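Enquirer: dropping the sequence and predicted coords here.
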Amino acid sequence: MGPMPSGKRPASPFTPLDFQLVLLRRMADHNPGLVEDARHELGVSIADMREANRRWQAMVRSPRSRAPLSRYRSVLGEPDSRAPRRIGDLDCEAWLWPVPLWPSLRFEVLTAPNGAVWNEWLVRAPGSAGPGLRTFDDLVPWSCTVDEAARAFAPARPLEGTAPTRWGLAFTAPDAEGVRWEVVAEFTWGLLQRVSVTGRQG
């Protein structure tokens, strides 16, 4: 058997580590310092992170791309758990995978009965204690998920994100002195990235 033609080497498998790099790449715009620390913890280079993101985007956009749920199973393996979920009048199923970089979180994919994916983001792992969110100062990057912030500072108004993996919430939160502020919280893959003050309530 002759040598493989140049440029035709088989691609290495896309691994759960690569997927974590995809999550980080999207968060780097808001929190480069936290991403840099996480990258060192994982023992990978900036080039590794860029390459993982490039390969992920190629998989997502390929005309021969797997369906989203099949893609997650091929990359992350079988989920840790699958549980029925009802959202309004809609029945769906929540698939949860561990994310070693954030041990208390899980990557959740909500699927419709026909296998279509409705949502993909990070959530708190079942049985894990969430953060104590009481004041504006508790809203630090990577401290909470979308649903945790929405519950802690209800009523929260969802905002359209600037990209498919980004979400926003508008709500009021008190500071340490009890003064309430109108804020906008921005999330990437469901994890808090930054909070901006838009005004003082009243």
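Expert: That came in fine, so what should we check first?
Enquirer: Provide the backbone phi and psi angles at the nearest residue to A125 once chain neighbours are set aside.
Expert: Distances taken as C-beta to C-beta, 6 or more residues apart in numbering place R106 nearest to A125, at 4.7 Å, with adjacent residues excluded. Every C-beta, even on glycine, is put in place using the N, C-alpha and C of the backbone. Dihedral pair for R106: phi -130, psi 150, per degrees, to the nearest 10.
Enquirer: next one: R106 from S65, what distance?
Expert: Per C-beta to C-beta, to the nearest Å, R106 is found 24 Å from S65.
Enquirer: and the contacts of the longest helix along the chain?
Expert: Criterion DSSP state H: the longest helix present in the chain is helix 46-61. Applying C-beta atoms under 8 Å, 6 or more residues apart in numbering, the contact partners of helix 46-61 are 11, 14, 18-19, 21-22, 24-25, 28, 39, 65-66, 71.
Enquirer: can you redo these as JSON lines with neighbour count and secondary structure?
Expert: Listed next are these as JSON lines, based on neighbours: other C-beta atoms under 10 Å; DSSP: H, G, I helix; E, B strand; the rest coil:
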{"residue": "A11", "neighbour count": "7", "secondary structure": "coil"}
{"residue": "F14", "neighbour count": "18", "secondary structure": "coil"}
{"residue": "D18", "neighbour count": "19", "secondary structure": "helix"}
{"residue": "F19", "neighbour count": "18", "secondary structure": "helix"}
{"residue": "L21", "neighbour count": "24", "secondary structure": "helix"}
{"residue": "V22", "neighbour count": "20", "secondary structure": "helix"}
{"residue": "L24", "neighbour count": "23", "secondary structure": "helix"}
{"residue": "R25", "neighbour count": "20", "secondary structure": "helix"}
{"residue": "A28", "neighbour count": "19", "secondary structure": "coil"}
{"residue": "R39", "neighbour count": "21", "secondary structure": "helix"}
{"residue": "S65", "neighbour count": "12", "secondary structure": "coil"}
{"residue": "R66", "neighbour count": "14", "secondary structure": "coil"}
{"residue": "R71", "neighbour count": "16", "secondary structure": "helix"}
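Enquirer: V184: which of those is nearest?
Expert: V184 has its nearest neighbour among the contacts of helix 46-61 in A28, at 20.2 Å by C-beta to C-beta.
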